[in-house]
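K.L.:
task: produce atomic coordinates for the following.
(one chain, ligands or ions: 1)
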Amino acid sequence: MNELQEVICIICPKGCHIEVDRRQEPWEFSGNSCKRGPIYAQKELTAPSRMLTTTIAIKGAIVPRLPVVTSSDVPKERMMDVMKALAKTQVDAPIKVGDVIVSNILDLGVDILATRTLERISH
Ligand code: SF4
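P.N.:
Residues are numbered from 1 along each chain as shown. Alright, predicted model coming up:
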C-alpha cells in the first residue's frame, strides 16, 4: 500500500489537493482548505462512492429517454450493477421531476429519481 497519497477533493469547486499520510494512525491530512476535505479523502481511500446520473427508457413521452439521478452516493464497485439494472428499467409517461423511479435499488439504500418532467403524448 502506498503510504503517502494525494486525493483531489471534489466536494466543492476549489478542488484542494489533499496529501494523506497513512504511516501512522490516525492518518494525517494536509492541503485541505476546510474540514470536509479529510472526511472526503478518508472515504475515497477506503470506500469510494459517487452519485450516478444516467437515462432510462420511457414510453409515451416526447423523447425516448428519461434522465435520472441517484438520491445519494453509490459505492463505486456497484456502479455497473446499478447501470445494468437501469438498462432493463422502463417507465410510462407522465413522469414528474423528483418522482421515485426505483426505490432502494439493489438494496443499496439509494433511490433512483427523475430529473425531468415528461408529459404523456397521444398519437
Ligand atoms: S477541502 Fe474543503 S475547500 Fe477544499 S475542495 Fe474540499 S470541500 Fe472544497
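K.L.:
please name the nearest non-neighbouring residue to the residue nearest the centre of the chain.
P.N.:
With distances taken as Cα atoms, centre = their mean, the residue of the chain nearest its centroid is Met51 (0.9 Å). Among residues not flanking Met51 along the chain, Thr70 sits closest, at 5.5 Å (Cβ to Cβ, 6 or more residues apart in numbering). From N, CA and C alone the C-beta is placed, and that goes for glycine too.
K.L.:
over to the one you found: give its phi and psi.
P.N.:
phi -80, psi 150 (degrees, to the nearest 10).
K.L.:
could you do Glu25 as well?
P.N.:
Phi and psi for Glu25, reported as degrees, to the nearest 10, are phi -110, psi 140.
K.L.:
look up how far the ligand lies from it.
P.N.:
From Glu25 across to the ligand, the span is 21 Å (Cβ to the nearest ligand atom, to the nearest Å).
K.L.:
over to Ala47?
P.N.:
Distance of Ala47 to the ligand, computed by Cβ to the nearest ligand atom: 17 Å.
K.L.:
ok, that residue touching Glu77?
P.N.:
No: assessed by Cβ atoms under 8 Å, Ala47 is found out of contact with Glu77, at 9.3 Å.
K.L.:
can you pull out the helices in the protein?
P.N.:
For the chain, applying DSSP state H gives helices covering 36-46, 79-87.
K.L.:
can you redo those as JSON lines with mean neighbour count?
P.N.:
As requested, those are arranged in JSON lines below (neighbours: other Cβ atoms under 10 Å):
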{"stretch": "helix 36-46", "mean neighbour count": "17"}
{"stretch": "helix 79-87", "mean neighbour count": "14"}
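K.L.:
how about the ones you listed in a markdown table, adding mean pLDDT?
P.N.:
Below are the helices of the chain laid out as a markdown table (pLDDT from 0 to 100):
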| stretch | mean pLDDT |
| --- | --- |
| helix 36-46 | 97 |
| helix 79-87 | 98 |
